[in-house]
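Visitor: my questions are about this predicted structure, shown below with the sequence.
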Amino acid sequence: MSESKSRVLSLKRGSDAAPSKNTEERLHKVLAQAGLGSRRALEERIADGLVKVNGEVAQVGQSIRSGDRVELDGKAFMATALTEPARVLVYHKPEGEVTTREDPEGRPTVFDKLPRIKGARWINVGRLDINTTGLLLLTTDGELANALMHPSREVEREYVCRIHGEVSEEVIRTLSRGVELDDGPAKFKEIESIGSSDSHAWFKVVIEEGRNREVRRLWESQGFQVSRLKRVRYGDITLPRLLKRGHSEELSPEAVAKLLKSLGLEQHPDGLTLHQVIGQRRARAEVKVSHEDRQAGYVAGHVADEGRELRKFDNLRDEGPARRGRPAGPGRGRPAGPGGRPAGGRPGAASPRGPGRV
């Protein structure tokens with residue numbers, strides 16, 4: 001990898017590009033930008049007296065400035081000016097990692113392996129449970145994270161799953177029509193059989209919400225257990241075929257701008273965000289990003305059958321059969337180029353889809 005082409009991820013820019021220290025913004029908007037919830041939910045928390053600014057209980061509609069101290073859920077934050085547009089990171093989550101910043105049981109967390117950044121923090125877009133692998137999106141823009149997660153956006157999440165036992169056509173029809181779960185009705189928007197053996201079957205499924213363990217619970221409602229689960233797509237963003245587990249890849253600025261535009265969000269917000277004052281986890285790994293020689297990082301299937309079985313499905317969107325109910329058309333079923341599909345989608349072509357814890 002050429003050192004001249006690689007760079008350490010950082011959100012620091014020259015002082016001439018920084019917003020004015022006198023920037024003032026509504027408190028609930030700043031909280032949302034920091035990824036602490038939606039604007040509506042945060043306004044309710046402010047109204048309930050659960051937020052403090054500089055030691056005083058905050059009021060609905062209150063504004064804050066850079067340097068103000070904000071307290072929420074027992075944590076203290078400092079308001080600081082945003083110094084650079086949003087960044088988005090694609091992380092290939094392995095089995096055995098949790099998606100919280102701190103784990104009371106001391107289990108490994110995805111945040112241990114993320115690149116260090118200054119002037120912002122990584123916010124995970126939804127969650128994957130400890131046994132689920134694959135695509136996890138992270139961003140420095142809290143409002144972008146909230147937009148991608150909100151059920152009203154109906155952003156597609158695509159998974160490959162292995163099911164023990166033989167699955168009948170009637171079960172597939174039932175899961176496509178919808179079933180009643182503890183937290184309301186749910187269904188697979190798409191479900192496709194992609195392989196089977198004497199003991200298990202492989203399926204590709206698509207959902208439009210990110211409810212807790214939704215894919216697993218849908219299968220469990222029909223008496224089936226999911227023994228392997230991997231997310232391969234979130235909205236238009238697919239898991240790069242050559243991205244190793246436990247590694248990350250940054251979306252290009254152009255891909256991020258396109259994503260923001262599709263969601264009706266600003267590309268370069270000049271405002272404030274929050275940084276935790278105490279107990280902030282520092283990444284142990286410093287990840288370098290390069291747009292060259294990605295194949296050099298590829299390692300063939302290794303350690304345990306989770307790697308051997310799931311890696312062959314990394315490129316399913318290019319090589320797999322047509323989805324159930326959809327004939328194969330132009331562009332479907334063709335193998336990817338030598339480098340696979342990049343994190344931002346198919347090179348040189350716009351996807352017809354909108355952007356996208358199981």
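Guide: That came through fine.

Visitor: please count neighbours and contacts with C-alpha atoms only from this point.
Guide: Fine.

Visitor: tell me the mean pLDDT for stretch 246-265?
Guide: Here stretch 246-265 scores 93 as its mean pLDDT.

Visitor: for that stretch, which positions count as buried?
Guide: Using 16 or more other C-alpha atoms under 10 Å as the test for burial, stretch 246-265 gives 246-252, 255-260.

Visitor: now do the residue lying closest to Leu272 once chain neighbours are set aside against Ala255, distance only.
Guide: In this structure, Leu272 finds its nearest non-sequential neighbour in Ala81, 4.4 Å apart by C-alpha to C-alpha, 6 or more residues apart in numbering. To Ala255, Ala81 is 24 Å away according to C-alpha to C-alpha, to the nearest Å.

Visitor: what does Glu105 give?
Guide: As for Glu105, its distance to Ala255 is 37 Å (criterion: C-alpha to C-alpha).

Visitor: swap in Arg157?
Guide: Separation of Arg157 from Ala255 (C-alpha to C-alpha): 18 Å.

Visitor: same check, this time on Tyr159
Guide: For Tyr159, the distance to Ala255 - C-alpha to C-alpha - is 22 Å.

Visitor: check Ile130 too.
Guide: From Ile130 across to Ala255, the span is 29 Å (C-alpha to C-alpha).

Visitor: and if you look at Lys204?
Guide: If you measure Lys204 against Ala255 using C-alpha to C-alpha, the figure is 25 Å.

Visitor: before we move on, what about Val215?
Guide: Taking C-alpha to C-alpha, one finds Val215 at 28 Å from Ala255.

Visitor: list of residues touching stretch 162-180?
Guide: For stretch 162-180, the surrounding residues in contact (C-alpha atoms under 8 Å, 6 or more residues apart in numbering) are 185-191, 198-203, 218-219, 221-222, 224-229.

Visitor: revised request: answer the last question for stretch 120-131.
Guide: Residues outside stretch 120-131 that contact it (C-alpha under 8 Å, 6+ apart) are 11, 35, 82, 95-99, 136-142, 145-146, 148-149, 210, 213, 228-229, 273-275, 357-358.

Visitor: tell me the buried residues within those residues.
Guide: 11, 35, 82, 95, 97-99, 136-142, 145-146, 148-149, 210, 228-229, 273-275, 357-358.
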